[in-house]
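> okay, predicted coordinates and the sequence, questions at the end:
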Amino acid sequence: MKVFHTILIFLLLLPGILPAGEQLSSDSLLDSARKGNARSQLLLADAFFFGKKRKTNPALAVYWYRKAATAGNAQAQYNLAVCLEHGWGCSRSQIAAFSWYKKAAEQNLIPAVIRYARMLYSGTPDEQAGKIKVPGIQAEPGKALTLLRSKNDSPEICHALAVLLLKDSKNLKSNAFEIRSSLEKAAASPNPQTETFLYLASVLQNGIGGPSDQKRAADLLETAAQRKHPAAMVRYGKLLEHGFGRKPDPAQAIELYRQAAEKGDPEGMFALAEHLKSGFHISADLAQAFKLFKASAEKGYPPAFAATGDCFRYGYGVPPSPEKAFDWYMRGARSGEPGAQFRAGECYRLGIGITEDPAGAVYWYRKSAENGNPEALRQVAIAFLTGYGVKKNISTGSKLLKQAADSGDREAEKLLIQWSN
């Protein structure tokens, strides 16, 4: 109850006065909104938010959304929640957004039910409202799933339920059938979401909740790609490139990568750049490859950081610069990308763009190894075997070298044989 009262106070503190700048001239929609018609208030808010026959003004949009929401209009409650969640036209507050999503969900507005369930599943952090600390919403994943299951006659909710269940990797096996059946139900609706095709394709490819079906997965990805969905174009392109569930067609795959890249998709940029760099099934263009790698990295695509660093390190399409190479490797390393972490370790070991630092090298090799890179694990093993950057420990080094070999690193296998002899 105390939390409820605190949140109520917090909500009351949010701006509710009319922002400066609203036109005072009379028009039918504005007049109706001023007289308290919730539908008119919603339409007026939309007009200000989207710039429909009025100058875009997010703050005014939020003002009128709040008026209509307070009057009980479910769509206005949802729209206000979206604004609060993202800080559009108002101060950002996930807690306040949660409250309004809940109100709209209680009126069975499907998008609100989904967003409310997602926030309930993950919870929200604490927030500060002036001097008042507002406790965040406690995560209740079981309650969120129960809510979605109670309304799974909607294809959108079936999709949302499957996505949340896929997040629970620990219970993937027990939830597998429900995940697959929910996505199948969503995909069979008259107007399925493109994202449903993508998730269902992954489920079919990995045999979740039933036997794998590469052919049908390819069909779904092809349909999604035909809708010009960038991620679908990249995924379908990879099937065509390697012949999974389709006859190999590298030329069409590259064209799909190009289309996705033109739409600003970072993975599409990366895939196209790889071909431009290698000249595989396309004329090599190192300068263009570099530009695409860099653009992909700037959009946050993890593998692109290491690729951009490689361009600077080896002079692919750009003048060599060890310092810039190291900078891009470190950007990726700090983001947790194992390839970039390994290369950062190499820079510290070999003194590329930075002063040689054995301890720094081992640190980043370890980070990369922890993220599943067997090549980095081999380097950590060598460090322990030789005492490079760490205290020499033959037992630990031998154990790590065996782990790297068992993980498929052939160089580790060779070293293990040599070390044993």
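Here it is on my side, so go on. Quick caveat, the model's predicted, so the values are computed rather than measured.
> next one: phi and psi at Gly243?
Dihedral angles of Gly243 (phi, psi; degrees, to the nearest 10) stand at phi 70, psi 40.
> scratch that, Leu172 is what I was asking about
The phi/psi pair for Leu172 (degrees, to the nearest 10) is phi -60, psi -40.
> what does Asn393 give?
With angles defined as degrees, to the nearest 10, Asn393 sits at phi -150, psi 100.
> I'd say it and Phe384 touch.
Yes. With contact defined as CB atoms under 8 Å, Asn393 reaches Phe384; the gap is 4.8 Å. For every residue, glycine as well, the C-beta is placed using N, CA and C.
> those two: which is more packed in?
Between Asn393 and Phe384, counted using other CB atoms under 10 Å, the more crowded position is Phe384 (22 against 14).
> which other helices and strands contact the helix or strand encompassing Ala253?
Here Ala253, judged by DSSP states H and E, is contained in helix 250-262. Under the contact criterion of 3 or more CB pairs under 8 Å, 6 or more residues apart in numbering; DSSP states H and E, helix 250-262 touches helix 230-242, helix 266-278.
> pull the number of nearby residues for the spatially closest residue to Gly36 that is not a sequence neighbour.
In space, and not counting its chain neighbours, Gly36 is closest to Ala71: 7.1 Å by CB to CB, 6 or more residues apart in numbering. By other CB under 10 Å, 15 other residues sit near Ala71.
> against Ala160, how distant is Ala71?
Ala71 is 28 Å from Ala160, where distance means CB to CB, to the nearest Å.
> what does Met233 give?
24 Å.
> so what's the spatially closest residue to Glu178 that is not a sequence neighbour up against?
The shortest distance from Glu178 to any residue other than its chain neighbours is 6.2 Å, reached at Leu165 (CB to CB, 6+ apart). When contacts are counted by CB atoms under 8 Å, 6 or more residues apart in numbering, Leu165 touches 145, 171, 175, 178-179, 182.
> closest to Arg246 out of those?
Among the contacts of Leu165, Ile179 lies closest to Arg246 (CB to CB), at 24.6 Å.
> was I right about the closest one contacting Ala162?
Yes. Applying CB under 8 Å as the test, Ile179 and Ala162 come out as touching, 4.8 Å apart.
> those two: which has the busier surroundings?
Ala162 (27 against 22).
> for Phe10, give me the pLDDT.
With respect to pLDDT, Phe10 has a value of 48.
> next one: the one 10 residues further on
Reading off the per-residue confidence, Ala20 sits at a pLDDT of 50.
> ok, now Lys52?
Looking at Lys52, its pLDDT is 87.
> got the contact list for the host helix or strand of Val362?
Element membership for Val362, per DSSP H and E: helix 358-370. Helix 358-370 is contacted from outside by 333, 338-339, 341-342, 344-349, 354, 375-377, 379-380, 383, 388-390, using CB under 8 Å, 6+ apart.
> tell me what the helix or strand following it is packed against?
Using DSSP H and E, the helix or strand that follows helix 358-370 in sequence is helix 374-386. Helix 374-386 is packed against helix 338-350, helix 358-370, helix 394-406, helix 410-420, with contacts defined by 3+ CB pairs under 8 Å, 6+ apart.
> which one of the ones you listed is the most hemmed in?
For these, average neighbour numbers computed from mean count of other CB atoms under 10 Å are highest in helix 338-350, which has a mean of 25.
> residues contacting Thr223?
Listed by CB under 8 Å, 6+ apart, the contact partners of Thr223 are Phe197.
> in TSV: the helices and strands packed on helix 250-262, plus mean pLDDT and distance to Gln403.
Shown next, in TSV, are those (pLDDT from 0 to 100; distance: least, CB to CB, whole Å):
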stretch	mean pLDDT	distance to Gln403
helix 230-242	96	29
helix 266-278	97	29
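> gap between Val203 and Leu256?
Counting by CB to CB, the gap from Val203 to Leu256 is 22 Å.
> same check on Ala104?
From Ala104 to Leu256 the distance is 38 Å (CB to CB).
> for Lys143, same thing?
The spacing between Lys143 and Leu256, counted by CB to CB, is 41 Å.
> do Leu80 as well
When Leu80 is compared with Leu256 (using CB to CB), they lie 39 Å apart.
> the two: which has the busier surroundings?
Neighbours per residue (other CB under 10 Å) separate Leu80 from Leu256, with Leu80 holding more: 33 against 26.
> so that one touches Lys67, yeah?
No. Checked against CB under 8 Å, the pair Leu80 and Lys67 is beyond contact range at 9.6 Å.
> in the protein, what residue spans correspond to strands?
Assigned by DSSP state E, the strands in the chain fall at 127-129, 132-134.
> could I get those as TSV with distance to His281, mean neighbour count and mean pLDDT?
As requested, those are exported to TSV (distance: least, CB to CB, whole Å; neighbours: other CB atoms under 10 Å; pLDDT from 0 to 100):
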stretch	distance to His281	mean neighbour count	mean pLDDT
strand 127-129	52	15	86
strand 132-134	56	15	88
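> how about those in TSV, adding distance to Tyr121?
What follows is the strands of the chain, written out as TSV (distance: least, CB to CB, whole Å):
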stretch	distance to Tyr121
strand 127-129	19
strand 132-134	20
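> tell me which helix or strand of the chain sits lowest on mean pLDDT?
helix 2-13 (a mean of 44; mean pLDDT, DSSP states H and E).
> give me the neighbour count for the closest residue to Leu204 other than its chain neighbours.
Spatial nearest neighbour of Leu204, excluding adjacent residues (CB to CB, 6+ apart): Ala217 at 4.1 Å. Using other CB under 10 Å, Ala217 has 24 other residues around it.
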